[in-house]
Every structure is written in C-alpha cells, then in structure tokens.
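Q: Provided below for reference: sequence and predicted model.
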Amino acid sequence: MILTVTLNAALDLTYVVDALVPHRAHRVSTVVEKAGGKGLNVARVLSHLGEKTVATGLLGGRNGSRVAELLGDSPARMRTAFATIAGETRRTVVVVDGDATGFWEPGPVVTEAEWSSFVGHYTALLTISRVAVLSGSLPAGLPVDAYAVLVTAARAAGVRVVLDTSGPALAAALPAGPDLVKPNAEELAEVAPDADLSTVDGVLAAASALRGHGVGTVLASRGPEGLIALTPDGAFRAVPPHAVSGNPTGAGDACVAAIARAWRHRTPWPGALRDAVAASAAAVAAPQAGDLDTRTFLSLRHGVAVTEL
Ligand SMILES: O=P(O)(O)OC[C@H]1O[C@](O)(CO)[C@@H](O)[C@H]1O
C-alpha cells in the first residue's frame, strides 16, 4: 500500500478561458471541480497506474465535505482515510488558457488537538504502508516541523518516505532524513547560492548541498528538460523525447507518484526516472491536475533518455 498525506487539501477548480488577460472580465467556457491538494493528486495518479493507495490528510467545513463527496467516486484501489477538522478546507483555482495560472487559498487553521490526533491516525496507517508520500503546503496552526514529525514516524516504522514541500516546512524536515525530496529552483538556489542552476553541474552542486542535510535522494525537476536525481546509487539525468504542451499543474505530483510506485516495486533508478518523466509529461497532457493521459505515458516512457552522470 502507498500512503499519501495531504495536510492542506483543496477543492480544486479549473476554469478554461480563451486567453487570460489581467484586469479584464472573462467568460469561462468550462468549469471542473476536483478533490485536490498535492497528496490527493499523487493518489489519483497512482490509482490511474493501477496501484493500491490510502489517501489521508485533513478535511473540514463545506469544501471538505465536497472534497469527500468527490472522492466517493474513486476506484476501490484508492481508499481514503481523512481526519475531520473544524476549519474550512481551502479552494484553489487554476485558469487554463493553453498554459495555466494558479490561485491558492491559504487553507484552514488546525488546532493542536486536531494535529496530535492526526499524528496518531497517520502512525496507525503506516503499519499497512510500504511507502509514504507527504505533499504540499502546511495549513496554519501546524508546527513548522510538522513534516519532520511525520518523516520520523515513517522511518521508525520502516516505511520509505517522499517529501514534496517547500520553504520553512521543507527546511525543518530535512534533519529528520526523508528518503527523497523534490525541491523547487528557489530551494536549490538557497542551499547553493553560487551554483548556476541552468547547468547540470550547478544543479548537482545544489543537490549535493541539500543531501548533506541528511536526505537520501534529491530529485530536481527541470520542467520540459526532465529531471536530475542525486541518489545514494549515483547521479542520473532523465530527458523526455520531446516537450508536451497543456496544463502543467500537477506534473510534479505525477512525477512523485511514479517514484513511489517504482519504490513499491523495487524498480532500479533508471526505470523509476523514466516513468517519472513520462508521468509528468502525461499529466501535462491531461486537462486537470491529478489526471494522467495514459496514452502519452505509455508512448513516452520508452523514449526517455536516462544517463548516469
Ligand atoms: O499544497 P500547495 O503547495 O499549496 O499546493 C496545492 C495545489 O497544488 C496542486 O496540487 C498542483 O500541484 C493543486 O492541485 C493545488 O491543490
């Protein structure tokens, strides 16, 4: 079982318009509502790929009930085990006009009692999990080291743990030793301010500085140029055969899902990275975050070039 955690879940709204023009009113041609937040997108992609998952996290208020209702349509292999909180789950809005522009609401305030009860609930779920994926921002009220607590519990349970977050939440969790982090360009620049991140060497220097904090693998996404991974088994670069256009929201979630799946099946790094690059591209090709265009995934995965650096 792969466990995904979404502490700041969201009711994701996607608006499709012809062209987004600031300071103008827009007629929206299509509105789609989805259960979202990064961990839920990861769970949905895993489920598309045929994996059994349990999606947990925090849900509250009317938006939380709507998210739960939307999750009711999930296939049996995607189980949900969310804890209820008093605060209102946030909404996010993505405006798609060929590319995507996102608006993320901040989310609820979580109480200390809700947090400590969640930690117990999560620890129980670890006993049926092989891999845990902790994704997204922290809602207000949670301690900055919330992810450090969850990483420590996973490690104590012998569960491999992927952490996909940013800013202070990421920095505070590094000493707990997550097995993989997927930093954005800002985080890489912060740990290695002099590195030229437009070059492979620069990304490797920054990734190695980040690994020095106790992380197993650093996975650096380079958008349409693919991925660079600094792993305990060496450094790899994975490049897609061609760029894919569409909605890039959720491409990172698909990438993380593919890695978790590869770990679950003990796939060696080259295969894992090939799938991660193909899954990211297949997520871009699908209209909504958390979806995967299976045809793109299957057609691209054999064309991804993986080289050991
Ligand atoms: O948790 P955050 O970092 O605020 O990101 C949340 C958002 O990211 C996405 O998962 C896309 O990665 C959206 O579905 C949206 O819910």
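A: Nice, thanks for sending it over. Numbering: from 1, shown residues only.
Q: mind checking the end-to-end distance for stretch 101-109?
A: 25 Å (CA to CA, to the nearest Å).
Q: Can you give the contact residues for it?
A: Applying CB atoms under 8 Å, 6 or more residues apart in numbering, the external contacts of stretch 101-109 come out as 8, 10, 20, 58, 60-61, 85-95, 137, 139-141, 249. The way it works is simple: take the backbone N, C-alpha and C, and place the C-beta from them, glycine included.
Q: My read is that residue 181 contacts residue 221, right?
A: No - applying CB atoms under 8 Å as the test, residue 181 and residue 221 come out as separate, 11.4 Å apart.
Q: If you count surrounding residues, which of those two has more?
A: Counted by other CB atoms under 10 Å, residue 181 and residue 221 do not tie: residue 181 has more neighbours, with 26 against 20.
Q: Can you confirm whether stretch 6-15 lies near the ligand?
A: Yes - Stretch 6-15 comes into contact with the ligand (CB under 6 Å from any ligand atom), by way of 8, 10, 12.
Q: picking that back up, tell me which of the contacts of stretch 101-109 fall in helices.
A: If you go by DSSP state H, those have residue 61 in helices.
Q: Type out the PyMOL command that picks the buried ones from the contacts of stretch 101-109.
A: Of the contacts of stretch 101-109, the buried ones can be selected in PyMOL as follows, counting by 16 or more other CB atoms under 10 Å:
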select buried, resi 8+10+58+60+61+85+87+88+89+90+91+92+93+94+95+137+139+141+249
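Q: Name the next helix or strand following the host helix or strand of residue 119 along the chain.
A: Using DSSP states H and E, residue 119 sits in helix 112-126. Note on helix 112-126: by DSSP H and E, the next helix or strand toward the C-terminus is strand 131-135.
Q: Within its sheet, name the partner strands of that following strand and how each one runs.
A: The pairing partners recorded for strand 131-135 under DSSP bridges are strand 2-6 (parallel), strand 160-164 (parallel).
Q: orientation of it relative to helix 112-126 in degrees?
A: Calculated by axes from the mean of the first three to the mean of the last three CA atoms, to 10 degrees, strand 131-135 forms an angle of 150 degrees with helix 112-126.
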